[in-house]
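# mind folding the following:
(2 chains)
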Amino acid sequence: MQRWPVLLFLAWVCFLFFCGIGLFTSGFLLIRIELANRSSCSDPLAAPTRAGRGVVTGACWLPQRIPKAVLLIIDALTFEFARFDLAKERPRPYENKLGFLHHLSRSQPRHARLYRFRADPPTTTMQRIKGITTGSLPTFIDVGSNFATYAIEEDNLLSQLVQNGRRVVFMGDDTWDGLFPQTFFRSYFFPSFNVKDLHTVDDGILQHLYTTVDGGEWDLLIAHFLGVDHCGHKHGPDHPEMAKKLTQMNEMLRLLVAHLGNDTLLLVAGDHGMTETGDHGGDSEKEVDAALFVYSKQALFGAHPPTEPDTVPQVNLVPTLALLLGVPIPYSNIGEVMAELFSGDGNPASAALQQLSAYHVNARQVDRFLHSYSLAAQDLPAERLRQLQELFSAAEEEHDQLLARVREVELVAPELEARRGRAVARFQRYLREARAVCMESWARFHPLRMVAGCALIAATCLLCCVASGLAAALDFPYRSRLLYPLLWGLAGAALLGLGHLLAGARLDLLLALSSAAAASQLGFFWHFWSRQPLQAHLASAQPLAASAGSRPSCRAWQRLLLPMGILLLRCCAMFSDSFVVAEARVAPFLLASLALLLLGRLHWHGQLAAPDTPKQPPGSASCQESWRLLGLLGALLACLRLSSLFHQCREEIPHCQPSPLLGPLASLQSTQAKNLFYLLCVASLAGLVCAVRRWLRHYGNLNSPSPLVLFVRWAFPLLAVWVACYWAVASGAEDVLGKLQELVQVALVGFPRAVYGLAALGLLLALWNPVTVFVKDSRESGGPIVASYPGAPSSQAGLPPVIPQLYRRMQESLKRRLETGHRRATVMAYGLGSAYSAPLVIVLSLLGLLLLLLHSERLSLAFLLLFLEAFVLLRIHAHVVSLAGDAEPFAVPWYAVISWVFAATQFFYATGHQPTFPAIHWNAAFVGFQQGHSTHLLPALLVGANTFASHILFAVGCPLLLLWPFVCEAPSSPRRKLKKELQEEEPLMEMRLRESPERFSAALLQLGLKYLFVLGAQLLACVCAAMILRRHLMVWKVFAPKFLFEALGFVVSSTCLLLGICLVMRVDCAVSAWFRQLQPR
Amino acid sequence: MKDTEIKRLLFAHYICVFSIILTTVIPPLFLENFSVLGTHLTWLCICSVCVTAVNTVLYIILKPNPSSKRISFTHKVTKFLKCCVFFFISCILFHGIIVLYGAPLIESVLETFLFAVLLSTFTTLHCLCILGPNIQAWIRVLSKNGALSIWDNSLQITTMCSIVGAWIGAFPIPLDWDRPWQIWPISCSLGATFGYVAGLIIAPLWIYWNRKQLTYKSR
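Presented below is the predicted three-dimensional model:
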């Protein structure tokens, strides 16, 4: 059996997929590390000159300039909406509707000003709120300390205000509630979920806005209006509804300004723009182009406004607002102060100095942030950081010199004006460069990389398909299919590396790997196509293939159509956010449809015998078969339906109640229910263990004295008991065992660790000696009987053991003579027929017990269902194969592989998971580690194992699809325990696999490739959905997390698939060794 | 002979289609506030009853599988009772399968059951009319080479079309379009109805198209 090439080929295919995933991820997912540092007033950032003049009241880094501010966020307020152009002949519905803004800026040019407000992509509301409050560029994954909530833990404007004793009042979009829990002095949240609802939020705000403003109990008032955005989503901007909505906003502003006091700053901002269809989320010009309007009843600006409004990046709002309100700039801010707002009253000279000091504080804060960030993460290029550092020190030097001059001269001479201008320009340049550097690494998709990753995955899917077709042929040319492509890949990588070396640039590991992958893939296809004509020629030359002709190939296509159609449906479902949200119901639906259609087709082709048909003589047997098949189908449907009891909810589905079975037992109030559920869980655990043991006994694998079998006999019940004990301790009431508290703590740690240890021991045993065959040698030996008795040397024990031995031998031979009538030398081997699947089943049940421990107690029922459903699927598959006849016993048909993958997906949901971050079961990290962890690897492993439990189990169990039809093959003798005679009889059951090792390895390869293809097709659909729909409203809520989970699931599944195939090969090695050991006897 | 048979089939099918169209047009004249979507359950009942009646009448008139034997009255009564029992069992079976497919178990039981009745009317009732309460015959007819007359062929086509229509009808349910017809079981029952109508229209055409290939074994 060629073992290594098979494994290598599969590993290579996995590597190709991983490269594709990596490449796509690097272009699509923008990752940033969140720093936990916070700014405070005592930070030595502010210019030391301030200290000399005595402390100003309310001063922090700079003196407070404005006591109160109102921040109105009108969601999706595009610049186009805010602009007013009288010259327009026929304004569109969204144009010229905010006339009041225009009126203000025209009548009071030093009080009001309109800006273009550039949002940073991704332009989704939550990310924008983060940007407006932290002054940073939030990416999809902000790696912080806590994944479980969306709450902002970075330093932000609101927490700075609260920290400095200001009152922040909020009204509007309830997204803020999740982002800033318990931050607001007072708050009025309104549901934002329903995009079709234009008025709830706005009307709710309007009810409270004016009374709150008049009440005066606030320092910062934030109101977030959603109507405009929802109107865009529902009707698009070019619609009369939008005109109404904008007119309403205009009236609101007019009334609000009348209510404002003289010392209040009013900011009206759009968090992002919208496209012509009213969508947002991406980085197109229209989406990032929002409006900002600033107004105060005191004069703010020194000069008249420019004719064309200035453009202000969105993050600039944060440092400006912070310094104006007299609080420190949030630590992670990378925005630049809007200097105009610092001129204000007074003479131009002091205004200029104030602007300079604002810039100075701002630059020092950004420098401090970049320094801390570069210590925490390496994703900002070091070279650029060094350049920035140089810029900063130059600017700082200029500033210090200037200050020294000012102190000397004591009055600002006009000649200093030029130097001041230079310093400001330097600070500005520094701040802008810094923002550009951050933006480049955090806020920009790389379309090229995304497309390349997508193409790589697609090509690998094609490769899987092609290669699985090739693997059916016996002589899979590993040299041209594996070795040469690998060489090509190495050459490609080397070429790229050389190119980089010559250019002197640093080599990107990911790029090198993916170029190697692409090159090796090219190599494969080149060899494949160049060989293809020859193969076609060979095929036509063969009489067998020629006689087969076109009709069977047509039949084969028809047979492919059904499972592939269902797979296509599933892939298409990835492109709709509703279907992704409802996937927990879609996957079982498709699986049930696949099974029903399969049976329907069998019946249609008359392969499923009609029950009680008198015309068919062998009716009784096959009728029983078909009834059994129907029963299995019913069981499958029941499993599918029952598994939906364990559903978890996504926040996108309103009125969804998560299944009560997901919570831990400890959360139950009633003791009776707790006991009942506990008993049920223990029963399911016992049922699982008993079922596995029963299966092994049925096939005779529970007799051998090998360590693995002993492990199954003794350690399995022990494991179950330990798990049950752990549950009992974990779910018991805390106060009952008052005195035994310490003991409980020990038990909480001890039981799970013991289970881990014992399960690991079992896995090692399964690898070390996986043969579970019990041999009974009854060949008559030619020599003296005593010598054949190995345990008793004649010299020591003498005669006594010989006599019973003699007696037994005589008895046996007599009995055999009576039974069979003729004597034959035989070796009885029990459990040889399932020698391959038995270790796999043992390993699977061990893994099942392990993973079950990581879930909450009542999910053990779901695991029982999982094993049951897998068993039913395997039985159906075996039945169908036996009904379809033995055309190709070594090829696993597509429907089986697809249903296996669907079942894995289905149980991902049925074990209480959802592809969203808040739905991850974080508790799994603390099973057996109550005190937490010192490293990050172990908790990540535990949580990963919990999340992808069903992927792991189904992928490891994948080779069973190949083995099971052989196991279920009806033995020729009526006896259940398989009696296999070595010499003359046809090999039976799984030994047929051993008899043709080449076909066995080819079949394993084909199975692996098919499994990878199905997984890869789903992954491809996910990747394409994420790429094509990256402007979609739901991309960061639905598609990106789905892609992430699917990609991780793919990595886990493919790795586990390789491990499962490795295990089968290890068993094959061991069985071969066992046969060799048997022969000479 | 075959052409006349096909004509009779066509006639029968068009009457069925016509009756289904009438179920949407006639009731608003008598019932207030009637609409297929708004008062869907009423429509389901009306449609089922109407299709049942039309099929029974057509069966009595056309006699697709005339048997030469004279049948006694008691035999007819037992046959009728058997048919009723079969129909009821098939309703229960369909209900079970629909629930297993993911329909809610306790909520909206009535809706699910009426949908099951509709499906039974489109499939089982047809079988009962053409083949009688004879499971073996059903199983024979619903396989590839089991059709013995054009009526059997039409049965195959309409049954499959109805079930596939119902299956396809389940697809729009998860979408967030907030349309009234996305509520369970409206889309499915509409799908089944459209499928049935399509089957009724396709069957005679298909049989006419393939009349050369269709050769039936005698019983």
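
# OK, contacts around residue 199?
Picking chain A for this. Listed by C-beta atoms under 8 Å, 6 or more residues apart in numbering or on different chains, the contact set of A:H199 reads A:G227. All C-beta spots, glycine's among them, are computed from the backbone N, C-alpha and C.

# not quite, go with chain B.
B:I157, B:T158, B:T159, B:M160, B:C161, B:S162.

# how about a cut-off of 10 Å?
B:13, B:16, B:122, B:126, B:154-165, B:206 (C-beta atoms under 10 Å, 6 or more residues apart in numbering or on different chains).

# would you show me how to pick out the buried ones of the residues you listed in ChimeraX?
Buried subset of the contacts of B:G199, written as a ChimeraX selection, criterion 16 or more other C-beta atoms under 10 Å in any protein chain shown:
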select /B:13,16,122,126,154,155,156,157,158,159,160,161,162,163,164,165,206
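
# and chain A, which of the contacts of B:G199 contact it?
With C-beta under 10 Å from any C-beta of the partner chain as the criterion, the contacts of B:G199 include B:Q156, B:M160, B:I163, B:V164 near chain A.

# distance check, the first one against A:V771.
Meaning B:Q156. According to C-beta to C-beta, to the nearest Å, B:Q156 stands 53 Å off from A:V771.

# can you check the third one too?
Between B:I163 and A:V771 the computed distance is 49 Å (C-beta to C-beta).

# before we move on, what about the second one?
The span separating B:M160 from A:V771 equals 50 Å under the rule C-beta to C-beta.

# need the pLDDT of the residue of chain A at minimum distance from chain B.
Closest approach between chain A and chain B, counting by C-beta to the nearest C-beta: A:A582, at 3.6 Å. pLDDT, A:A582: 91.

# pretty sure it sits against B:I173.
Yes: contact criterion C-beta atoms under 10 Å: A:A582 and B:I173 qualify, at 8.1 Å.

# shared neighbours of these two, anything?
Common contacts of A:A582 and B:I173 (C-beta under 10 Å, 6+ apart): A:F589.

# burial check on the residue in chain B positioned nearest to chain A, number of neighbours?
Proximity of chain B to chain A (C-beta to the nearest C-beta) peaks at B:P174, 3.6 Å away. Neighbours of B:P174 under the rule other C-beta atoms under 10 Å in any protein chain shown: 20.

# now the closest residue to B:I20 other than its chain neighbours: how far from A:P109?
Leaving aside its sequence neighbours, B:I20 sits nearest to B:V197 (C-beta to C-beta, 6 or more residues apart in numbering or on different chains; 6.1 Å). B:V197 sits 70 Å away from A:P109, going by C-beta to C-beta.

# higher neighbour count, the two?
More crowded of B:V197 and A:P109, by other C-beta under 10 Å: B:V197, with 20 against 14.

# quick one: mean pLDDT for the helix ranked longest in chain A?
Secondary structure of chain A per DSSP state H: the longest helix is helix A:1040-1078. In this model, helix A:1040-1078 has a mean pLDDT of 91.

# so does it get close to chain B?
No: contact between helix A:1040-1078 and chain B is absent, the nearest approach being 14.5 Å (criterion: C-beta under 10 Å from any C-beta).

# that helix: which residues count as buried?
Neighbour counts over helix A:1040-1078 (16+ other C-beta under 10 Å) mark A:1040-1058, A:1060-1068, A:1070-1071, A:1074-1075 as buried.

# likewise for stretch A:596-608?
Neighbour-count burial for stretch A:596-608 [16+ other C-beta under 10 Å]: A:L596, A:L597, A:L598, A:L599, A:G600, A:R601, A:L602, A:H603, A:W604, A:Q607, A:L608.

# try stretch A:934-950
A:P939, A:L942, A:V943, A:G944, A:A945, A:N946, A:T947, A:F948, A:A949, A:S950.

# quick one: mean pLDDT over that stretch.
Mean predicted lDDT for stretch A:934-950 stands at 88.

# just stretch A:303-311 next, same as before
Across stretch A:303-311, the average pLDDT comes to 81.

# which residues does the residue nearest to B:I20 contact?
Counted by C-beta under 10 Å, 6+ apart, B:V197 has contacts B:H13, B:C16, B:V17, B:I20, B:I21, B:F122, B:T158, B:C161, B:S162, B:G165.

# low-confidence stretches in chain B?
Where chain B drops to pLDDT under 70, the residues are B:1, B:64-70, B:216-219.

# which parts of it sit against chain A?
Going by C-beta under 10 Å from any C-beta, the residues of chain B near chain A are B:96-97, B:99-103, B:105, B:135-136, B:138-140, B:142-146, B:156, B:160, B:163-164, B:167, B:170-178.

# tell me which entries of these lie within helices.
Counting by DSSP H, the residues of chain B next to chain A contribute B:96-97, B:99-100, B:135-136, B:138-140, B:156, B:160, B:163-164, B:167 to helices.

# any quick ChimeraX command for the buried ones out of the residues you listed?
Burial among these is assessed by 16+ other C-beta under 10 Å; the matching ChimeraX selection reads:
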select /B:96,97,99,100,138,139,140,156,160,163,164,167
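
# cheers, nothing more for now.
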